[in-house]
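# sequence? don't have it. structure:
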């Protein structure tokens, strides 16, 4: 069957997952673009704005370990499709909020849906592509969230001018709901369903007896918890999420209200961020197949620290600010997929989604803390510089943790 097959199903899986990430990250990262207008019309402060996002993150990190485990047990198709349905309904309802409590509750439900649209998605793609092709496949996949952010930065000012910020949520919710049927019909949880090898895989190792799930095979979770690599990578993930999410969420607000730039110009930073993410994932992720994930992460986090320092130093220089944001985004895009790829590099294939899900609380706690701290520092001091300096220090911490990660003990 495989010899006669000209088109490998892996490419359809990759295309669908690409759109899934586009939608998911338009919602997640687009919040930072919608934030200035949303808090202005509803009368919220920056701390309240951060609290709304943190309600999303709290449910996201709470349920991500479960969605990762369920992906390994019942298959990615079921998990992703259900979570898209939850996401779509909740995002649509975000356009109706009028109070802080309703915004927090509804965005928390959005986080529940999003819990099945990162770990399960990148696990699915890694299973459909060979070990030495994962960086290449994840590079293509990760352009989805860069495009999502770029699109929000470009389209949102037009939406505000002709409608209101609410219509951004209506559009994204409808797009998510449209993808529910596509995922339910076309996704397949593993290449063994078709009796084919992952794309690019040369070994003849096909198991036709598993139809829609990849069972956990004798790998006790206590073994994972005792593995120092799990904790070191997790702590590095925490630190880099802390360092990146503050600037990503608040950079439009920083440009508009601290640098006094018009909304269209401030929002254009999100477009720059998104475009440079795309360039980065298409460059850095394939390169990680050759450099190795650990070395690539160390280099990337070093660049992030330098870029955060640069944002502190450039002040009101528009050109240098764009350059600093662009360079940081070049590395931002590949950062999270590379951490996800570490699950397949350092741990057995059968528990990739479980490991990624177990790392998500590290990532989520970093993002939650940076939003609260950044919002409080901004409200207390009137400027973002103190928070951005702290972000730079956390990027350095992310480098230090990765330096202690041991090499993979045995090949997959």
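Great, that's in hand. Please read these numbers as outputs of a predicted model, since none were measured by experiment. Residues are numbered from 1 along each chain as shown.

# any idea how far residue 254 is from residue 374?
Remark: distance between residue 374 and residue 254 (Cβ to Cβ, to the nearest Å) = 10 Å. (C-beta placed from N, C-alpha, C; glycine too.)

# Touching both of these two, which residues are there?
Shared contacts of residue 374 and residue 254 (Cβ atoms under 8 Å, 6 or more residues apart in numbering): residue 384.

# Quick one: distance of the helix ranked longest in the chain to the chain centre.
Determined from DSSP state H, the single longest helix within the chain is helix 9-42. How far helix 9-42 lies from its chain's middle: 10 Å, per Cα atoms, centre = their mean, to the nearest Å.

# Which strands and helices lie in contact with that helix?
helix 46-74, helix 76-94, helix 100-114, helix 119-128, helix 134-162, helix 166-186, helix 228-253, helix 263-291 (3 or more Cβ pairs under 8 Å, 6 or more residues apart in numbering; DSSP states H and E).

# Could you tell me the average pLDDT over the fourth one, please?
What that stands for is helix 119-128. Helix 119-128 carries an average pLDDT of 84.

# now the second one
In this model, helix 76-94 has an average pLDDT of 93.

# ok so, going back, deepest-packed of the helices and strands packed on helix 9-42, please.
Comparing the helices and strands packed on helix 9-42 by mean neighbour count (mean count of other Cβ atoms under 10 Å), helix 119-128 ranks first with a mean of 28.

# does residue 375 really touch residue 52, like I thought?
No: the criterion here is Cβ atoms under 8 Å, and residue 375 misses it with residue 52 at 10.2 Å.

# ok so, going back, compute the mean per-residue pLDDT across the longest helix of the chain, please.
The model assigns helix 9-42 a mean pLDDT of 82.

# and the angle for that helix with helix 76-94?
Angle, helix 9-42 to helix 76-94, by axes from the mean of the first three to the mean of the last three Cα atoms, to 10 degrees: 20 degrees.

# Buried residues, helix 9-42. List them.
9-10, 13-14, 16-39, 42 (16 or more other Cβ atoms under 10 Å).

# where does residue 117 land in three-state SS?
Taken by DSSP: H, G, I helix; E, B strand; the rest coil, the conformation at residue 117 corresponds to coil.

# what about residue 75, distance to residue 400?
38 Å.

# the more surrounded of those two?
residue 75 (23 against 14; other Cβ atoms under 10 Å).

# If we ignore the residues flanking it in sequence, what's nearest that one?
Residue nearest to residue 75 in three dimensions, not counting chain neighbours: residue 189, with 3.4 Å by Cβ to Cβ, 6 or more residues apart in numbering.
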